[in-house]
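Peer 1: Here you go, sequence then predicted model.
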Amino acid sequence: MVETLDVKSAALHELVAEDLQIDRVAGGFAFTEGPVWRGDELLFSDIRNNRIVRLRQLKEGPEVTTFSLGRSNGLTIDHQSEVLAAEHGGRRVSRIGDDGQRVTVVDRYQGRLFWPAPFRDAVLARLLRLNEDRARMERML
């Protein structure tokens, strides 16, 4: 199915060709956030459906599966290629293994559970900066 964009600003065409055809490869998502590429798969949070979706392009066509259950917002990849998720439902930042199981990385700041979301998001941002710093140092060695 070919979709069209509802363009609100002509500046979009500085990034995307005006005659670009968009193919819908999946649907049925309620509210999505936090997309991140990991290898050949796109992961994103489908918040209202309480899951992280994995989208892969196979020879047979697109494959959409549930990677993990849980209410996550932003996603990123750590230096071990594992998924880190900022969870508003769990009030934590978790690491998600390939089997979809979540392990808490951090859930408290100064002894208090994360809440509201800006605290959690700030911790995730700091973890990302630490990860980037580590990667830069490893490249220098």
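Peer 2: That came through, no problem.
Peer 1: going forward, measure contacts between C-alpha atoms and count neighbours the same way
Peer 2: Will do.
Peer 1: low-scoring stretches of this structure, by residue?
Peer 2: 1-3, 115-141 (pLDDT under 70).
Peer 1: Helices along that one, start to end?
Peer 2: Under the criterion DSSP state H, helices of the chain are mapped to 117-140.
Peer 1: Where do the strands of it begin and end?
Peer 2: 2-3, 22-23, 32-38, 41-46, 51-58, 61-69, 72-77, 83-87, 92-96, 102-106, 108-109, 112-113 (DSSP state E).
Peer 1: Now distance to Val16 too, for those, in CSV please.
Peer 2: Compiled in CSV, the strands of the chain are given as follows (distance: least, CA to CA, whole Å):
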stretch, distance to Val16
strand 2-3, 14
strand 22-23, 11
strand 32-38, 19
strand 41-46, 20
strand 51-58, 21
strand 61-69, 22
strand 72-77, 24
strand 83-87, 29
strand 92-96, 33
strand 102-106, 36
strand 108-109, 41
strand 112-113, 42
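Peer 1: Kindly reformat those as CSV containing distance to His13 and mean neighbour count.
Peer 2: Formatted as CSV, the strands of the chain follow (distance: least, CA to CA, whole Å; neighbours: other CA atoms under 10 Å):
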stretch, distance to His13, mean neighbour count
strand 2-3, 16, 9
strand 22-23, 14, 10
strand 32-38, 22, 16
strand 41-46, 24, 22
strand 51-58, 26, 18
strand 61-69, 27, 15
strand 72-77, 27, 22
strand 83-87, 32, 24
strand 92-96, 36, 23
strand 102-106, 40, 15
strand 108-109, 43, 14
strand 112-113, 44, 12
